[in-house]
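Chemist: What follows is a protein structure lacking sequence information:
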């Protein structure tokens, strides 16, 4: 097999592939066998029809069509691999030549496909990364203590207008064009939480028990979601949360400590741990931002358009131009970052250990509310494990890169992030790498199923972009 690559633009290439008859022969033999099992020819049992009879009765065109459809995706993948291409989307395939008859000729096809562009990353160690200092103030400890006190607080009815933070038992009725479309009663709502209707916090503030007011707001759910409604709200009860005194008795109730001072010391350590963890997250974000600012990353428009279409179609909002603009911006940023991180992972020779992959898959299964074994089995059956390896590799690439950067806090102190980013020594002593390689945005394969008409160009029935 011979192949050649023509660069059409920084994110798109044209791959020309020539396949000799000998290399196509196994697929031709398979085509004869498959057709022999499908056709009924007097005097021959199914599966036992000789090739010459198939040529006479069915035609060489049907045989070579079947063979090409069967082999095309494999030859494409092989050529893309040999040319070190990194496809990011579905190729547009055109078959330009097929063997004219049995025993001679060749298969020639072209594939235009968007690929990961070549980008030059800056020297990682030269980047300046600064994060907020992880200083713990008395106010931080007090906030954590108050949050703990709220967990043990009690709601007490009050005879005064409702204020922010109060809990109000409410009745709601929504009316659109004079018709009641929804109503609820006896619902407890905390003013300031903002998790119900837009404008509800303002309407309830200043309202006493058994008082009613109306306001206009877009409905947040149901068949009238998004439509403006006239909402009537009645506060049936106003309650405030009384907090227990912060003393030794509370410390014994809310923790394993005997004194308030011991509890505060533990809360201080918790805040410090959280802030240190936040430094690691901030450092990763800052490194990605620094790399993005230092490198111009061409983004393949076709991949962006495909992702935007998939997203909008899943939401049933293909005609929403305003939302399309938002999703397009988000998709462009996500794909740009993915190209950047794929390049970084490759440069740093990042390896994903089996344990790291398993940990990621277990966490992902929890997000989907699935049993980890069923989740992993589903991904494996769908051929998605390589994509998961790619996700882990991209994330790990930032951690590995941070090992080469001196991260400082806003006070100028060097921040040790080893606890969060690991070390090269730990990686070297880790498990064997996961078998599957990192995958790009979308696996670029030609469907190897289906048949086309014998005398028409071979098309990929799963891809409308394929042309001849």
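Modeler: In hand now; what should we look at? The structure displayed is predicted, hence computed values, not measured ones.
Chemist: so where's the stretch 301-450 of the chain shaky on pLDDT?
Modeler: Along the stretch 301-450 of the chain, segments meeting pLDDT under 70 span 430-450.
Chemist: can we see that at 90?
Modeler: Counting by pLDDT under 90, the stretch 301-450 of the chain shows low-confidence ranges at 315-317, 320, 382-383, 422-450.
Chemist: Which residue ranges of it form strands?
Modeler: Assigned by DSSP state E, counting those that start in this stretch, the strands in the stretch 301-450 of the chain fall at 407-409.
Chemist: hang on, residue 390 packs against residue 342?
Modeler: Yes: using C-beta atoms under 8 Å, residue 390 makes contact with residue 342 at a distance of 7.3 Å. The way it works is simple: take the backbone N, C-alpha and C, and place the C-beta from them, glycine included.
Chemist: Report the separation between the closest residue to residue 128 other than its chain neighbours and residue 126.
Modeler: In space, and not counting its chain neighbours, residue 128 is closest to residue 290: 7.5 Å by C-beta to C-beta, 6 or more residues apart in numbering. Applying C-beta to C-beta, to the nearest Å, the value for residue 290 to residue 126 is 10 Å.
Chemist: how far is the lengthiest strand in the chain from where the chain is centred?
Modeler: Longest strand in the chain, counting residues (DSSP state E): strand 228-242. Distance, stretch centre to chain centre, for strand 228-242: 39 Å (C-alpha atoms, centre = their mean, to the nearest Å).
Chemist: got the buried residues for the longest helix anywhere in the chain?
Modeler: Using DSSP state H, we find that the single longest helix of the chain is helix 260-294. By 16 or more other C-beta atoms under 10 Å, the buried positions in helix 260-294 come out as 260, 263-264, 266-268, 271, 275-276, 279-280, 282-284, 286-288, 290-291.
Chemist: do stretch 126-144 as well
Modeler: By 16+ other C-beta under 10 Å, the buried positions in stretch 126-144 come out as 127, 129, 131, 134, 136, 140, 141, 144.
Chemist: From residue 249, how far off is the second one?
Modeler: When distances are taken as C-beta to C-beta, residue 129 and residue 249 turn out to be 46 Å apart.
Chemist: Can you pull the phi and psi angles for the residue lying closest to residue 120 once chain neighbours are set aside?
Modeler: Counting by C-beta to C-beta, 6+ apart, residue 295 is the residue found nearest to residue 120 once chain neighbours are left out, at 7.0 Å. Dihedral pair for residue 295: phi -130, psi 140, per degrees, to the nearest 10.
Chemist: What is the neighbour count of residue 295?
Modeler: For residue 295, the neighbour count with other C-beta atoms under 10 Å is 16.
Chemist: what's the answer for residue 372, then?
Modeler: Neighbours of residue 372 using other C-beta under 10 Å come to 14.
Chemist: quick one: contacts for the nearest residue to it once chain neighbours are set aside?
Modeler: Once flanking residues are discounted, residue 372 sits nearest to residue 365: 4.3 Å by C-beta to C-beta, 6+ apart. Going by C-beta atoms under 8 Å, 6 or more residues apart in numbering, residue 365 touches 371, 372, 374, 375, 376.
Chemist: Report the separation between residue 365 and residue 136.
Modeler: Residue 365 sits at a distance of 35 Å from residue 136 (criterion: C-beta to C-beta).
Chemist: With residue 250 instead?
Modeler: Taken as C-beta to C-beta, the span from residue 250 to residue 136 is 21 Å.
Chemist: Which secondary structure element is home to residue 48?
Modeler: Using DSSP states H and E, residue 48 maps to neither a helix nor a strand.
Chemist: Mind telling me what element the nearest residue to it once chain neighbours are set aside is part of?
Modeler: Spatial nearest neighbour of residue 48, chain neighbours left out: residue 36 (6.7 Å); criterion: C-beta to C-beta, 6+ apart. Following DSSP H and E, one finds residue 36 within helix 21-38.
Chemist: Now do the next helix or strand after that helix: which elements does it pack against?
Modeler: Note on helix 21-38: by DSSP H and E, the next helix or strand toward the C-terminus is helix 51-57. Secondary-structure packing of helix 51-57 (3 or more C-beta pairs under 8 Å, 6 or more residues apart in numbering; DSSP states H and E): helix 21-38, helix 60-82.
Chemist: what about residue 31, how many residues close to it?
Modeler: Per other C-beta under 10 Å, the neighbour tally for residue 31 reads 24.
Chemist: do the one 4 residues further on as well
Modeler: Other residues lying near residue 35 total 20 when counted by other C-beta under 10 Å.
Chemist: any idea how far it is from residue 51?
Modeler: Residue 35 is 9 Å from residue 51, where distance means C-beta to C-beta.
Chemist: Show me the common contact partners of those two, please.
Modeler: residue 63.
Chemist: Just the pLDDT at the nearest residue to residue 401 once chain neighbours are set aside, thanks.
Modeler: Computed as C-beta to C-beta, 6+ apart, the closest residue to residue 401 that is not its neighbour in sequence is residue 124, at 5.1 Å. At residue 124, the predicted lDDT confidence score is 93.
Chemist: Phi, psi for residue 124 please.
Modeler: Taking degrees, to the nearest 10, you get phi -60, psi -40 for the backbone angles of residue 124.
Chemist: was I right about it contacting residue 403?
Modeler: No: with contact defined as C-beta under 8 Å, residue 124 does not count as touching residue 403 (9.0 Å).
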